[in-house]
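>>> Fold the stuff below for me.
(2 chains)
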Amino acid sequence: MRALYPDSEGFVERDGVRVFYEVYGDGEPTVLLLPGWTLPARSFKAQVPYLARHYRVVAVDPRGTGKSDKPKGSGAYALGEYVADTLAVMDATDSGQAVVMGKSRHAQTALLLAGDHPDRVAALIVAGAFIPLTPWPPLDALWKTADEPRRWRRRLTTLGSSRKSVSELRRSSTLRRAARRIGPLEPARMFARQQMVDDYEGFARWFVDRIVVTDPHATKLAEDAIEWMLEGTGDVAADSWLADCLRDPASARVAAKRVQCPVLVVHGDRDLTTPVDWGRALAEITGGELFEVAGAGHLPGGRYPVVVNLALRRFIDSLPSDGPDSHPRAERRQVAVLPTEGDR
Amino acid sequence: MTEAAPPTVARNVRRNGGKRALMVCSPIGLGHALRDVAIARALRELVPGLEIDWLAQHPVTRVLEREGERIHPASEHLASESAHIESESAEHDLHCFQAYREMDEILVANFMLFHDVVNDTDYDLWIADEGWDVDHFLHEHPELKRANYAWLTDFVGFLPMPDGGEREAFLTADYNAEMVEHVADHPQVRDRAIFVGNPEDCVEERLGPKLPKIRDWTEQHYDFAGYVTGFDPAALGEREALREELGYRPDEKVCIVTVGGTGVGESLLRKVMAAYPAAKDAIPELRMIVVAGPRIAPESLPSGDGLEVRPYVHDLYRHLAACDLAVEQGGLTTSMELTANKRPFIYFPLEHHFEQNFHVHHRLERYGAGRRMEYATATAETIAAAIGEEIGRDVDYRDVETDGARKAAELLAEMV
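Coordinates of the predicted model:
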């Protein structure tokens, strides 16, 4: 049984794709939750009851997950589509402005939303943000060899050969820990498009057990994550993995610099999926608060929900009550607005 | 372990100079409510002026309201553990370890509520009787502890059911290992850990491969209050007088069928009721009283000549003391009430319920009490036959101590 059931739920439809959302509570402000890659809104189950007791919560199953439609093709999962879906959910739920929280891959969605639609985002919260602000050659190589995984190692060598990235990598404790858990060729094999399509359950189990839920005593969290991933399909996983998003430090930096609202960055300091360096860099660039969860892996809100919930509440309660315009940083910075699909 | 001075002090004293405690009482079954009311009474005798607030939910609140205890208004926001447990149960089957795992989000939600409550009000002492959320998350985050804290339980260690295979054995050991690590790494969290029972009540098993034996570890980390019955058998008076007061005639043979406080037991009630006609044929003086409990609608059950269905019965222990036989699940509270009153009883442990199958069963064996039957294989005929053999039988159970509530209260009073 759930700890709390939604007060209302519904779908928004854009270009024939239906996106599911749930609404809980009736407090202020509205907190909009975007889960991680391949995960539905249920993955916020440890946050929703607490947040809904104090605020209003809108939780989204991003397209391709949970009860939402699962369109075909990478184009359907481009970052801009997710941003437009989110705006459509905000419109449908009368959420003029919200505190937007994005986990992992959908930290990118939340980041773009905050940068492009500052009037809609009172504050930005990210957790385990998949926003590659420092070079991460293994990831670049994975994307480039998704259809030819055997070339991954050579790609990795090529990409990692710049002096800067080699020195960054040598300093990375994340990479050293990852190397102890994962065989050198496993990522390329598992992240290959065909592997995800042919054996999605095998991929989900490997991904969650080896990379995402690395914390001790987290068997239930891992089981949940695998079950939630399996509500989707291998095709969706491959399409969305290879879809357009922020892939390199330069574009990530541009997007991060556009954010004007207050920012909270939550990151486990033993995260193997997204290096904690990315969270640190994001906090620095945005002038945001950094909450490093000691000992936590990629899902700190799942493994250590109590301290994460308390950090969320402390941050949200510290926000000015009359919107982002009263935030001092907003006065100093130019606010850039780029129209996206779904923008009003 | 319990000699160490608590490192934390409540932030301020109450306006009237009195002390205040917060009691968190598990709603899974009614047993914790009954024993905690007894402990609270004894504690107030030892600490005059002590105010006790209860953070509790149905069906515990039903007991508390009758007893005039003060229920914290935030209690209405607790996510329902009882409803969850019922939703996890099948026909006389409750995999309580898996149900506990599936309850993770409810435990988080309820701990957050607890945290808000103790943030708003200063308490001198927090007491959690199998308040799993409180104990787990305080060990995860000891910095959140701001008052003296006491933990009570009547069993230690998750145990795998045999048909759970290697996976379940691994999982139970992993949960137990986390508990062992928590207590080793943060001994300051539990100022008192009170085992409701005696060292011999601990099963012989280990907590898991390479983990300590349950009895050894429990003896190292707990104080033992003995069993807390929640009543004094001597105060019940003569059984004949009690029977008369409760309306049971001397020439009747009274069989009480009860499944405690959750709605899990309805299928057992129905199965035992199906044995009534055959039992009545064999024992013409039989009177069967079925107690539906607070979470089963009594009108949903059949009744007839000599077969009565009652909703919740207050002071059920008095009826159990007066009866000639009881039939029940293998829950600890009812089993021990019957043991303390030296009444014959038949118990059917819920399938896949490790606590009833191992921990409670072990304790009842030690007391020499009760006749175990298996729900899956029992038929109307075998149940009727067992009723015939057991009803009115003289028993020679080991005595159950009557000072458990007082002992537990003494251990708690030192911290207020």
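>>> Could you pull up phi and psi at the closest residue to residue A:296 other than its chain neighbours?
Once flanking residues are discounted, residue A:296 sits nearest to residue A:268: 3.0 Å by C-beta to C-beta, 6 or more residues apart in numbering or on different chains. For glycine as for every other residue, the C-beta is placed from the backbone atoms N, C-alpha and C. Note on residue A:268: backbone dihedrals following degrees, to the nearest 10 are phi -70, psi 140.
>>> how near is residue A:268 to residue A:307?
Using C-beta to C-beta, to the nearest Å, residue A:268 is found at 11 Å from residue A:307.
>>> quick one: contacts for the residue nearest to residue A:296?
Residue A:268 makes contact with A:128, A:215, A:276, A:292, A:293, A:295, A:296, A:297, A:298, A:299, A:300, A:303, according to C-beta atoms under 8 Å, 6 or more residues apart in numbering or on different chains.
>>> and what of residue B:47?
Counting by C-beta under 8 Å, 6+ apart, residue B:47 makes contact with B:19, B:413, B:416.
>>> what sits in contact with each of residue A:268 and residue A:307?
With C-beta under 8 Å, 6+ apart, residue A:268 and residue A:307 have common neighbours residue A:293.
>>> Against residue A:234, how distant is the nearest residue to residue A:206 once chain neighbours are set aside?
The shortest distance from residue A:206 to any non-neighbouring residue, by C-beta to C-beta, 6+ apart, is to residue A:190 (5.3 Å). According to C-beta to C-beta, residue A:190 and residue A:234 sit 12 Å apart.
>>> same question, residue A:120
Residue A:120 is 34 Å from residue A:234, by C-beta to C-beta.
>>> same question, residue A:8
With C-beta to C-beta as the criterion, residue A:8 and residue A:234 are 32 Å apart.
>>> which stretches of the chain form strands?
With no chain named, the answer covers chain A. A:8-14, A:17-24, A:30-34, A:56-61, A:98-103, A:121-127, A:263-268, A:289-293 (DSSP state E).
>>> To clarify, I was referring to chain B.
Applying DSSP E to chain B gives strands spanning B:20-25, B:51-55, B:70-71, B:125-129, B:148-153, B:192-195, B:223-224, B:253-258, B:286-291, B:307-310, B:325-329, B:345-348, B:371-372.
>>> just flag whichever of those strands has the lowest average confidence.
Here the lowest mean pLDDT among the strands of chain B goes to strand B:307-310, at a mean of 91.
>>> Which strands or helices does it pack on?
strand B:286-291 (3 or more C-beta pairs under 8 Å, 6 or more residues apart in numbering or on different chains; DSSP states H and E).
>>> Show me which residues of the strand it packs on are buried.
B:286, B:287, B:288, B:289, B:290, B:291 (16 or more other C-beta atoms under 10 Å in any protein chain shown).
>>> Out of those, which is nearest to chain A?
Nearest to chain A, judged by C-beta to the nearest C-beta, of the buried residues of strand B:286-291 is residue B:291 at 25.3 Å.
>>> who's in contact with that closest one?
Neighbours of residue B:291 in contact, by C-beta under 8 Å, 6+ apart: B:256, B:257, B:258, B:259, B:310, B:311, B:312, B:313, B:316, B:319.
>>> Look up the closest residue to the third one, ignoring the ones flanking it.
By that I understand residue B:258. Leaving aside its chain neighbours, residue B:258 sits nearest to residue B:291 (4.2 Å; criterion: C-beta to C-beta, 6+ apart).
>>> For beta bridges, what are the partners of that neighbour?
Residue B:291 forms beta bridges with residue B:258, residue B:310, as assigned by DSSP bridges.
>>> before we move on, the earlier item: any idea what the residue nearest to residue A:296 is bridged to?
residue A:293.
>>> one step back: can you put the buried residues of strand B:286-291 in CSV and add distance to residue B:168?
Formatted as CSV, the buried residues of strand B:286-291 follow (distance: C-beta to C-beta, whole Å):
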residue, distance to residue B:168
B:286, 41
B:287, 42
B:288, 37
B:289, 38
B:290, 34
B:291, 33
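>>> now for those, which pair is the farthest apart?
With C-beta to C-beta as the measure, no two of the buried residues of strand B:286-291 lie farther apart than B:286 and B:291, at 16.3 Å.
>>> ok, back up a step: just the buried residues of the contacts of residue A:268.
Buried members of these, counted by 16+ other C-beta under 10 Å: A:128, A:215, A:276, A:292, A:293, A:296, A:297, A:298, A:299, A:300, A:303.
>>> what would those look like in JSON lines with pLDDT?
Shown next, in JSON lines, are those (pLDDT from 0 to 100):
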{"residue": "A:128", "pLDDT": "98"}
{"residue": "A:215", "pLDDT": "96"}
{"residue": "A:276", "pLDDT": "95"}
{"residue": "A:292", "pLDDT": "98"}
{"residue": "A:293", "pLDDT": "97"}
{"residue": "A:296", "pLDDT": "97"}
{"residue": "A:297", "pLDDT": "97"}
{"residue": "A:298", "pLDDT": "98"}
{"residue": "A:299", "pLDDT": "98"}
{"residue": "A:300", "pLDDT": "98"}
{"residue": "A:303", "pLDDT": "98"}
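>>> Go through those and name the one nearest chain B.
For these, the nearest to chain B is residue A:303 (9.4 Å; C-beta to the nearest C-beta).
>>> what about that closest one, distance to residue B:148?
Residue A:303 is 28 Å from residue B:148, by C-beta to C-beta.
>>> what's around residue 235, how many residues?
All of this refers to chain A. As a burial measure, residue A:235 scores 17 neighbours (other C-beta atoms under 10 Å in any protein chain shown).
>>> Actually, chain B is the one I wanted.
A count of neighbours around residue B:235, defined by other C-beta under 10 Å, yields 8.
>>> cool, residue B:251 as well?
Residues within reach of residue B:251, counting by other C-beta under 10 Å, total 6.
>>> Need the pLDDT of it.
pLDDT, residue B:251: 94.
>>> thought it was touching residue B:286?
No - counting by C-beta atoms under 8 Å, residue B:251 does not reach residue B:286; the two are 11.3 Å apart.
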